[in-house]
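Asks: Attaching a predicted model along with its sequence, questions to come.
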Amino acid sequence: MKTPRPVIQVSGCRKTYKSTVAVDDVSFEVFDGEIFGLIGPNGAGKTTTMECVQGLRTPDRGNISVLGLDPFRDVYALQDRIGAQLQQAQLQKRIKVWEAMHLWAALYRRKASDGDRLLEQLGLADKRGAWFMTLSGGQKQRLFIALALINDPEVVFLDELTTGLDPQARRTIWELVRDIRHRGKTVFLTTHLMEEAERLCDRVAIIDQGRIIDMDTPEGLVRRHCPERSVVLKTDDDHAGERFRGVPGVTSVAATNGRLTIHGAGEDLVMEVIRCLSEERIRVTDFRTVLPTLEDVFLRLTGHSIRD
């Protein structure tokens, strides 16, 4: 299988603001065609790292390459090949949606019809004549995505794209991000929302206090750091708990109000519990699994919740 080429390479990046170290010796690669997430709490160094990669901030030291270009020396050549949505992005209150799209198209020497087509694709055609200030949060984010795509970029940067959006708008944006990748683009995003990273990202790097503490697929991180699993079921069988204690991988069984919570480790735990149910003919009226998440991984690696 052909190894994907890295389109972003960051090595030993450090950025300080007076006595504050915002980014400390950060290194990672982003591969062609993937959605890569830099995840961590607010203030962890995500935005600073992304801005250094885009050439918006100059690191104190380290090497950065995007599409084989230096984001500082080759800034003008790179701008035509990347698209970006910034965390604090805003437009004039009374600029109309079509005016913003046509302005961006002109800046990148694209046809106005390219902007109109993006509005159609992103579900904003009916808002074409609306002022920016009248758009909902989700509509504004869709507009910023459209602006980021106007130059048909190879790499798209998305910084905290769904912060402050309601769950329905958030899921709509997730579908748009997946569609960007399906167009053959590479997506580099930052988020402090662990569910977002799990749903979207092919690989993630966890950053905390300016340092990357681990990097892998979401599934790989969970498998390595949080192998625990739980099965919660309801049964009238008084001897079920005793039988489950003998199941391979089970570490404990707790009974509460007719429900059994079976704790264990390993990917085969759920299968082994189901096998026990079948072999022992244990009747259950409720059954669910509780699996660890990236939030659990973050807690395990840092000792604190991402919301702390």
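Replies: Thanks, I have the structure now.

Asks: going forward, measure contacts and count neighbours with C-alpha atoms only.
Replies: OK.

Asks: quick one: low-confidence parts of the stretch 101-250 of the chain?
Replies: Within the stretch 101-250 of the chain, no stretch has pLDDT under 70.

Asks: in it, which spans are helices?
Replies: 112-121, 137-149, 167-182, 194-200, 218-225, 240-244 (DSSP state H, counting those that start in this stretch).

Asks: name the helices or strands packed onto the first one?
Replies: I take that to be helix 112-121. Contacts defined by 3 or more CA pairs under 8 Å, 6 or more residues apart in numbering; DSSP states H and E place helix 112-121 against helix 97-107, helix 137-149.

Asks: out of these, deepest packed?
Replies: helix 137-149 (a mean of 22; mean count of other CA atoms under 10 Å).

Asks: partner residues bridging the nearest residue in space to residue 24 that is not next to it in sequence?
Replies: Distances taken as CA to CA, 6 or more residues apart in numbering place residue 14 nearest to residue 24, at 4.6 Å, with adjacent residues excluded. In this entry, residue 14 is beta-bridged to residue 61, by DSSP bridges.

Asks: So residue 100 versus residue 175, what's the distance?
Replies: 23 Å (CA to CA, to the nearest Å).

Asks: no, scratch that, I was asking about residue 246
Replies: 44 Å.

Asks: how far away is the nearest residue to residue 142 once chain neighbours are set aside from residue 56?
Replies: Nearest residue to residue 142, sequence neighbours excluded (CA to CA, 6+ apart): residue 122, at 6.5 Å. Distance, residue 122 to residue 56, using CA to CA: 27 Å.

Asks: Pick out the residue nearest the middle of this structure.
Replies: Central residue of the chain (CA atoms, centre = their mean): residue 197, 2.9 Å from the mean position.

Asks: SS state for the nearest residue to it once chain neighbours are set aside?
Replies: In space, and not counting its chain neighbours, residue 197 is closest to residue 37: 6.5 Å by CA to CA, 6+ apart. Under DSSP: H, G, I helix; E, B strand; the rest coil, residue 37 falls in the strand class.

Asks: mind checking how far residue 37 is from residue 29?
Replies: Residue 37 is 11 Å from residue 29, where distance means CA to CA.

Asks: rewinding a little: who's in contact with the residue nearest to residue 24?
Replies: Residue 14 makes contact with 21, 22, 23, 24, 25, 26, 59, 60, 61, 62, according to CA atoms under 8 Å, 6 or more residues apart in numbering.

Asks: Residue 191 reaches residue 197, doesn't it?
Replies: Yes. At 7.0 Å, residue 191 counts as touching residue 197 under the criterion of CA atoms under 8 Å.

Asks: Any chance you could list residues touching both of those two?
Replies: By CA under 8 Å, 6+ apart, the residues touching both residue 191 and residue 197 are 37, 39.

Asks: residues contacting the residue nearest to residue 197?
Replies: Residue 37 touches 188, 189, 190, 191, 197, 201, 202, 203, 204, 205, counting by CA under 8 Å, 6+ apart.

Asks: How is this structure partitioned into domains?
Replies: 6-223, 227-291 (automatic domain parsing).

Asks: Out of the ones you listed, which gets nearest to residue 302?
Replies: Closest approach to residue 302 among the domains of the chain (CA to CA): domain 6-223, 7.7 Å.

Asks: Let's see the distance spanning that closest one from one end to the other.
Replies: End-to-end for domain 6-223, by CA to CA: 25 Å.

Asks: Pull the contacting residues for residue 232.
Replies: Neighbours of residue 232 in contact, by CA under 8 Å, 6+ apart: 259, 260, 261, 262, 286, 287, 288, 289, 290.

Asks: Show me which of those residues are buried.
Replies: The neighbour count (16 or more other CA atoms under 10 Å) marks 259, 260, 261, 262 as buried among the contacts of residue 232.

Asks: residues contacting the nearest residue to the first one once chain neighbours are set aside?
Replies: Right, the one you point to is residue 259. Counting by CA to CA, 6+ apart, residue 259 lies nearest to residue 234, which is 4.4 Å off, once chain neighbours are set aside. Listed by CA under 8 Å, 6+ apart, the contact set of residue 234 reads 258, 259, 260, 284, 285, 286, 287.

Asks: Write down the beta-bridge partners of residue 234, one by one.
Replies: residue 259, residue 286.
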